[in-house]
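**Q** coordinates only, sequence not included:
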């Protein structure tokens, strides 16, 4: 630039002081080795000449001839350039000259690729990096790729600044820890690995139900646990601000509940959340302690449910212990509404007593056992806990402490409560929530067993779950009724909401019509079934 | 996380597409990605890549490497005898070849043939049998051209008595790089031919032609190469497989200067007609220019920018700026191309030559949009050519404004291959290439398009990741 | 992709969604959805570094106003700021923090007196322009700007806020002047209780009057109320109160004088005014 900085400032100052003094200046810029065809050069020069305040502009290659021609045209003879340099020279008002040189520079350097007609080219989105290039607003990566690749995808998403939900499982604990520590460092959210469900900003992710928005935030280390709690909140007229899954291993000793703590703190900071619910299978004592200590520090009410640890008493103000998945929802809604806390115990109402008496009369003496057939893992777990409270020691493929492993997972023995969503059953087969035929077969099989007194089962609705959960199920129930002289009792719970794609009311009504006793929650269903069986002696 | 709760949720979905559908049905916004296992399913390679993504020290290093590459001004300054330019060639019986290192017994036919030819040319042996015995006795050693900042097309053979182009980069301490002279088509050393005719031509090139070019340069002064390449890109060349325009542009500078020399007229005439007869004459200069630009980008710690891609007729090798002189190799991918009448895929040698340095520098296959003629080799359309050039924008650090593509509205060519993007986006660098007969001396039997093999990039990233974590 | 070179200490590192608030030839101001960092700027290298700005080399992009429009959406993910409409991508993760001054522990009146003289001379010299009456002191410059100042700063500091929004430019002269005053008060806040008191009295008033000026100027004023100042202002005040080296003062003055059309000079006037009133009377 030919004009010194001070002169420039003085010019501005003069202008500001309204003492206008406009100088005619000459400016040039040489771009080393920038080849452009002459048509482009002419176009640029035409454009520069149109700028108000520019007297004359010249854009040429810096050959000797061009330079001397420019000197003749009054651009001075002190332009230094080599023949392969592209020279822009402008005469006129200072400001206009600056603008002109800037515009020329812009025109000469990188242009957006607009293509010359024809469809625009967009590469397939094979990576999160490309995804963000085309969708800069993306803020969450939902990963359901095969487990062996899931860790790398999660790390990539976090490095790119995306929050992460990992539906994928079969990720090692070491990888999970690394992912969660990275997320912690970057203050991003990681749900999973093995996180089946979440509701973020009202949007159901993975296997999730359509739930009213509201003031209760949920963090759960259990997929069906989260679904049960959020659905129950909805059924009670409440709503959910955010529901985050942590994945089943988060409260493992090696991981230390990183995601649950992070979720808890995020909800604590979230203005829309007034009450927080935490759900998990029983964690190691040290981890439980850390979570409870953090919960006590949060200045919002926190409802905690560690499955099977209902005897814990609230030790800190603002921390409430719930006794079942549904109960945690009930407590949360009551706390939010400032109402008395709901009863934790299953109420043996006169109606229930009568129901049980009627059911008893329909059984033969050989029918003595409970048969739980579950698609939801946490429902199976909760049912086992409740059955044990009635003194029923059960066999399972996923036995709780005190219960026994099935000798053959495909065959029930005595009291049996199975999780058909476990790896034992899903190798090479869709999950029973997606395709319930395995569950229906097992029900038929148990119904044919003369020792079955009650079949307890779940129907899970929502996005991701079977769109038509009834079709085959009703056929199965018909078949059972046609085959069996003395049918076992059928008790079920439908986890879902009236807003789900499969309307809950319709499903419940159809099942009731088919002779199934429908409970309001998984816990209620398990209580009814277990009490009934315990009365058989 | 707090911010997320107040934002509209936009989900990038990798895996089960139904999850994205459900989010859309529920009123959310989800983009179903076309996810594929990165690194062609190499789990650990994929993990290494993940750790290297969006890392400040890498972004900064890549910017540095890219700036060095962009700033380079390769200039043809001299012609020297190889033994003089690269002293190691004079000190020992050393022969340079294209691509990554390879042992004699593993070399493909054309490279072996060319090496034997070079031994005859250097008079280290009297005939082919003697020459081969010399090699088998371990009296001749081999190294890649790249180890001496040199490049050569196809077999890429350089021995001490061959003339080299000397290209300097004024923005990089006048560091020098070299390439050999192009012999033309037909029976030529670079395709493994080693008959008397070939050796005779080499002799003439090493003496009369070399003298003429050296004298010419004294008259013309240093010749900047980037402007010639840039102009040729606007004239239908991609300066790898098509150099007709660039050779013509070079001739415009070469002929007047040559006429000013005091060389005998016959020598001048022969030199001019030799260049005139060979549309590929500029190729070796294009390669040297590319090598010069990329040499400037070498050895930037942590950089994932690719600085070398080269093939030895068996393996494809690459180097990254951040991993210095280490080669990462994998078997070369097959060439998708057209064969001259009478030849087929069974006659073809594997991809060969240092000329992929042009693609590494953002021209050649990366600038295919400027050379629709080249697409015909693979039965493609001009639209394929432009799409190829656009696809390369997905794996590069940026563009090179010095090289623009008319067909893409004068967009800069994609340049500065980022190994991370190759592995993550599963897009392989496209290379325009000639096809050599697998038997020495038959020559070129076709041309087409190939790609760099994925495994090179995966291994390079794994090595860089180990290096950074150390 | 561009790499941001420096980052202010109040710049966001968390992902955000935002909008372009305003755009200039070499600067983009962005409002974000973060409560802790509601504002961030992308500034060309030549513009002064501020606590809420990333500095970038916009060289290749020409005039940013031709590329970016107010209201354009902005997203930051993983430290990368993207303006999709302008195809502008800035990676901020490698940006370096610019150095901040240390707290001032001691005041040496003789030294300050001398440095004041140097700065005042620099300001006068800067104001030499064709056909212009000569400006010989900071006082004359203030008069020339038409700003109102109290006779005694300590007795009626609130007066200064009458100047908010007064004067030409994106950041009106009155605001720039006030920034200079606040910068001096802030620099001695801990060691000089009177300064803290005056600062608080001004701050109370400024808060209520932010609506009287432009958004951008209001942003810089509210930063000042939290005692955050741009790199050149922060360092000029620091040097005026501490350095023995004349050339250091000269360089710091030149940096400030080159800011905006007259913003730099206006701020210097505020700095000199406050030094006279507070430390030299």
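**A** In hand now; what should we look at? Here the structure is a predicted model, which means the values were calculated and not measured.
**Q** show me how the chain divides into domains.
**A** Unless you meant another one, I'm taking chain A. Per automatic domain parsing, the domain ranges recorded for chain A read A:5-108, A:127-191, A:195-345, A:350-534.
**Q** ah, I was thinking of chain C
**A** C:2-97, C:109-279.
**Q** mind checking the backbone torsions on the most centrally placed residue in chain C?
**A** Geometric centre of chain C, nearest residue: residue C:230, 4.5 Å, by CA atoms, centre = their mean. Dihedral angles of residue C:230 (phi, psi; degrees, to the nearest 10) stand at phi -70, psi 160.
**Q** ok, it - contacts?
**A** Going by CB atoms under 8 Å, 6 or more residues apart in numbering or on different chains, residue C:230 touches C:48, C:49, C:50, C:51, C:220, C:259. For the C-beta atoms, the positions are set from N, CA and C on the backbone; glycine is no exception.
**Q** can you tell me which of those is closest to residue A:411?
**A** residue C:51 (70.5 Å; CB to CB).
**Q** show me what counts as buried in stretch A:170-184.
**A** Buried positions in stretch A:170-184, judged by neighbour count with 16 or more other CB atoms under 10 Å in any protein chain shown: A:171, A:175, A:176, A:177, A:178, A:179, A:180, A:182, A:183.
**Q** on the three-state scheme, the third one is what?
**A** I take that to be residue A:176. Following DSSP: H, G, I helix; E, B strand; the rest coil, residue A:176 is assigned to helix.
**Q** quick one, what contacts it?
**A** Residue A:176 neighbours (CB under 8 Å, 6+ apart): A:151, A:193, A:247, A:249, A:255.
**Q** tabulate those residues (TSV), appending neighbour count.
**A** Converted to TSV, these look like this (neighbours: other CB atoms under 10 Å in any protein chain shown):
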residue	neighbour count
A:151	25
A:193	29
A:247	30
A:249	21
A:255	22
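**Q** helices - which of those land there?
**A** When DSSP state H defines the helices, the subset of those inside them is residue A:151.
**Q** about what we covered before: the residue nearest to the centre of chain C and residue C:224, how far apart?
**A** Remark: distance between residue C:230 and residue C:224 (CB to CB, to the nearest Å) = 10 Å.
**Q** which part of chain B gets nearest to chain A, residue-wise?
**A** Residue of chain B nearest chain A, by CB to the nearest CB: residue B:15 (3.1 Å).
**Q** so what's that residue closest to, chain neighbours aside?
**A** Spatial nearest neighbour of residue B:15, chain neighbours left out: residue A:144 (3.1 Å); criterion: CB to CB, 6 or more residues apart in numbering or on different chains.
**Q** what's the burial count for that neighbour?
**A** For residue A:144, the count of nearby residues is 24 (other CB atoms under 10 Å in any protein chain shown).
**Q** now it, what are its backbone angles?
**A** Dihedral pair for residue A:144: phi -130, psi 40, per degrees, to the nearest 10.
**Q** need the contact list for it.
**A** Per CB under 8 Å, 6+ apart, neighbours of residue A:144: A:167, A:168, A:206, B:13, B:14, B:15, B:16, B:19.
**Q** perfect, I'm done here.
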